[in-house]
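1. Structural data only, the sequence is not supplied:
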């Protein structure tokens, strides 16, 4: 576990938001960070070469709160590389991620920092609400267990990217996998496989937005890429991959259709 709680009672949290043409939701996402009850943070909004009004919106927010920084890629490089650029630029004692269309509850950082300290955890995730384009709840909340191991995460990815906060030790050592869709899932698997401690907050700390034209909504491609992670990235045996894929399929039904 990172020792930053021994070094300071007020650790700096680096928040990374990757965004591409996110004019519709980016202000809501940034303001949810600005509204945190925990105040010692820096926000890095990494613009993946947007062509809409994202830069104007974030620029105005930077003027409003000097803790917000805006960085624009010189070309479109994709979400994984953009998040990795944020990791390279971050200065915090720990790092948190937020997608440009998701929203944090005000107590998100404060609650998770307490959890990191009490559990001596290297990574903390949380439960979340599933909302539509208008911010209205459309499914039952996704409630997580207070812990998960590598084998459990193979069956079901309980770690939502926008819910994660992790130690600077992990942020310095690991990067998002750039060759596979579900790059965040690959990262969590690597962290768990290497023995780091993770802990889950049962509290609903995030609103995860399900958008009809988003990557998350495309379940056919999601299933294909999950299979590729099992077989190509992790190189798991065929029959184990089949068993895990069945667990993934059942978990998806429960999450999205109940």
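-> It's in. These numbers were taken from a predicted model, which means no experiment stands behind them. Numbers count the residues shown, from 1 in each chain.

2. low pLDDT regions in this protein?
-> 1-8, 213-219, 257-258 (pLDDT under 70).

3. Pick out the residue nearest the middle of it.
-> For the chain, the residue sitting closest to the mean C-alpha position, by Cα atoms, centre = their mean, is residue 161 at 1.7 Å.

4. which outside residues touch the longest helix seen in the chain?
-> The single longest helix within the chain, with elements called by DSSP state H, is helix 238-257. Outside helix 238-257, the residues that touch it by Cβ atoms under 8 Å, 6 or more residues apart in numbering are 139, 142, 154-156, 219, 222-223, 226-227, 230-231, 236. The C-beta positions use only the backbone N, C-alpha and C, and glycine is treated the same way.

5. Run the chain-centre distance for it.
-> 21 Å (Cα atoms, centre = their mean, to the nearest Å).

6. in that helix, what counts as buried?
-> Buried residues in helix 238-257, defined by neighbour count with 16 or more other Cβ atoms under 10 Å: 241, 244-245, 248.

7. could those be laid out in CSV, adding distance to residue 52?
-> Shown next, in CSV, are the buried residues of helix 238-257 (distance: Cβ to Cβ, whole Å):
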residue, distance to residue 52
241, 40
244, 39
245, 37
248, 34
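
8. Partner strands of the strand ranked longest in the chain and their direction?
-> Ranked by residue count and defined by DSSP state E, the top strand of the chain is strand 198-209. Applying DSSP bridges to the sheet, strand 198-209 is found paired with strand 103-104 (antiparallel), strand 123-131 (parallel).

9. got the contact list for residue 178?
-> Listed by Cβ under 8 Å, 6+ apart, the contact set of residue 178 reads 78, 80-81, 84.

10. Now do stretch 26-41: distance to the chain's middle.
-> 15 Å.

11. And for that stretch, what's in contact with it?
-> Outside stretch 26-41, the residues that touch it by Cβ under 8 Å, 6+ apart are 10-15, 17, 19, 22, 43, 45, 54, 57-58, 61, 64-65, 67-68, 92, 96, 98-110, 113, 135.

12. residues of it that come out buried?
-> Applying 16+ other Cβ under 10 Å to stretch 26-41 flags 26-30, 32-34, 36, 38, 40-41 as buried.
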